[in-house]
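Visitor: any chance you can model this:
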Amino acid sequence: MIWHPEFKIYLNDSIINNSNVQDIINDNKSNELWINELFSFLGNFLNISKTIEIQSSGSTGESKKIIVDKYKMVYSAKVSGTYFGLKPGDFALLPLPLTYIAGKMMVVRALTLGLSLRILKPSSNPFLENNFIEKYDFAAFVPLQLSTILNNEHTKHKAEQINQIIIGGTGIDSGLLADIQKMNNQVYETFGMTETLTHVAVRKLNLREHSNLPFIALPGIKFSVDKRSCLVIKSKELLDSDLITNDVVDIINEDTFYWKGRIDNMINSGGVKIFPEIAEKQLASYINCNFCISSLPNKTLGRKIILVIEQPNQNSIPDLVWNKVFEVLPRYSRPKEIYFIQELFRNKHGKIARKQIVDHIISNKIKPGKTF
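Guide: Presented below is the predicted three-dimensional model:
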């Protein structure tokens, strides 16, 4: 496999290119995990094997190792490059770990498209400890990173100077979305997973006339749904067979869909199917703290909807919020009880751990702060 002759990877004060990449891999003596992950991936990806072993993130299930055809990774990089208009010499930024597919694919895009890629040590605000002066054309963040960057007066301008930003990995809360609306560059939410070799669909987040925009397929990707209304991803070049997901969607056509939530999070309350992610979006503008929608067992309904708020003092939540809960949510989605806990449990990717939260409420016999 021949790589683009113009690719450059900037790592601290070193520049890795086509002529020295193998020597730098062989000479690596770093004690830092993030650097060793980079060289381990480069060594495995650039060797003569046609396949490579990739670790899935486990964000929607058990983490596992899968074998991937390198040509499919190259294809994914080219599709992404076409969609975002990336060209040789464009400067990209990678502050994500190389442990999982999102970080790995940024490196593959550099190798394939001839990008100049600055790799930073992963942190919640990668700009704080780095004073590199490059102007970036493309960058990938997780929501926590972008939120932290935008809420720091010393780093906010650096994010605003990046031409195109993609974010993914977990949900985008209302506060971050409001901050993104103020940005003049292009910011996109991505949809994808390890099995699709990162994103297969994107939606723009900062159109001035912002509404709940749908996800749009990248070139060569087609969508359908199964009998559960879960998304099915089709791509002859990217996938060996159609990929059936557990993501419930409203499909518009084979190129466009609205994401509703994960089927494993769906709540059946009195025979009505409720997606907590939708209810959370509807409430996000009114509850100024961390919260989630979940459910508890109920003899009449099967499951009753509850609202769990990360707030030890329930008296600090104004009554106006409770009124909004009833105004904004459809009757069947309204919580029957509201619980207050010290901290919402999350998994290692920052996603709400709903089952763990419910188990905590039950096992500690926590009483509801409000009942309706």
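Visitor: in the helix-or-strand element of the chain with minimal mean pLDDT, what's buried?
Guide: Least confident helix or strand of the chain, by mean pLDDT, DSSP states H and E, is helix 319-328 with a mean of 72. Neighbour counts over helix 319-328 (16 or more other Cβ atoms under 10 Å) mark Val321, Trp322, Lys324, Val325, Val328 as buried. (Each C-beta comes from the backbone N, C-alpha and C, glycine too.)
Visitor: please apply the same query to stretch 179-197.
Guide: 179-180, 183, 186-197.
Visitor: same thing with stretch 20-31?
Guide: For stretch 20-31, the neighbour count (16+ other Cβ under 10 Å) marks Val21, Ile24, Ile25 as buried.
Visitor: what's the neighbour count on the nearest residue to the second one once chain neighbours are set aside?
Guide: It stands for Ile24. The shortest distance from Ile24 to any non-neighbouring residue, by Cβ to Cβ, 6 or more residues apart in numbering, is to Ile16 (5.4 Å). Neighbours of Ile16 under the rule other Cβ atoms under 10 Å: 22.
Visitor: and Leu307, how far is that from Leu283?
Guide: Taking Cβ to Cβ, to the nearest Å as the criterion, Leu307 is separated from Leu283 by 8 Å.
Visitor: any weak-confidence spans in the stretch 201-350 of the chain?
Guide: 208-211, 312-321 (pLDDT under 70).
Visitor: now the helices for it?
Guide: Assigned by DSSP state H, counting those that start in this stretch, the helices in the stretch 201-350 of the chain fall at 276-283, 319-328.
Visitor: what's the shortest one packed up against?
Guide: So the one you mean is helix 276-283. Here helix 276-283 touches strand 256-262, strand 291-298, helix 319-328, going by 3 or more Cβ pairs under 8 Å, 6 or more residues apart in numbering; DSSP states H and E.
Visitor: show me this structure divided up by domain.
Guide: 8-263, 266-371 (automatic domain parsing).
Visitor: of all the buried residues of helix 319-328, which two lie farthest apart?
Guide: Trp322 and Val328 (11.2 Å; Cβ to Cβ).
Visitor: the stretch 201-350 of the chain: strands as residue ranges?
Guide: 215-217, 222-225, 230-234, 243-253, 256-262, 267-269, 272-274, 291-298, 302-310, 337-341 (DSSP state E, counting those that start in this stretch).
Visitor: circling back: could you tell me the angle between the least confident helix or strand of the chain and strand 302-310?
Guide: 140 degrees (axes from the mean of the first three to the mean of the last three Cα atoms, to 10 degrees).
Visitor: hmm, who's touching helix 319-328?
Guide: Helix 319-328 has contacts (Cβ atoms under 8 Å, 6 or more residues apart in numbering) with Gln282, Leu283, Tyr286, Ile287, Leu307, Arg334, Pro335, Ile338, Lys370, Phe372.
Visitor: could I get the helices and strands packed on helix 276-283 as JSON lines with distance to Asn347?
Guide: Formatted as JSON lines, those follow (distance: least, Cβ to Cβ, whole Å):
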{"stretch": "strand 256-262", "distance to Asn347": "13"}
{"stretch": "strand 291-298", "distance to Asn347": "13"}
{"stretch": "helix 319-328", "distance to Asn347": "26"}
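Visitor: circling back to that earlier point, quick one: buried ones out of the contacts of helix 319-328?
Guide: The neighbour count (16+ other Cβ under 10 Å) marks Gln282, Leu283, Tyr286, Ile287, Leu307, Arg334, Pro335, Ile338, Lys370 as buried among those.
Visitor: pick out the most distant pair among the residues you listed.
Guide: Taking Cβ to Cβ as the measure, the buried ones among the contacts of helix 319-328 span a maximum distance of 18.3 Å, between Gln282 and Lys370.
Visitor: so what's Lys64 closest to, chain neighbours aside?
Guide: Ser56 (5.2 Å).
Visitor: and that neighbour, what does it touch?
Guide: By Cβ under 8 Å, 6+ apart, the contact set of Ser56 is Ser63, Lys64, Lys65, Ile66, Tyr100, Ile101, Met193, Thr194, Glu195.
Visitor: over to Ile35?
Guide: Each residue near Ile35 by Cβ under 8 Å, 6+ apart is listed here: Leu11, Asn28.
Visitor: please apply the same query to Leu301.
Guide: Ser269, Gly270.
Visitor: that one and Ile361, how far apart?
Guide: To Ile361, Leu301 is 17 Å away according to Cβ to Cβ.
Visitor: now swap in Ile341 and tell me
Guide: Separation of Ile341 from Ile361 (Cβ to Cβ) stands at 7 Å.
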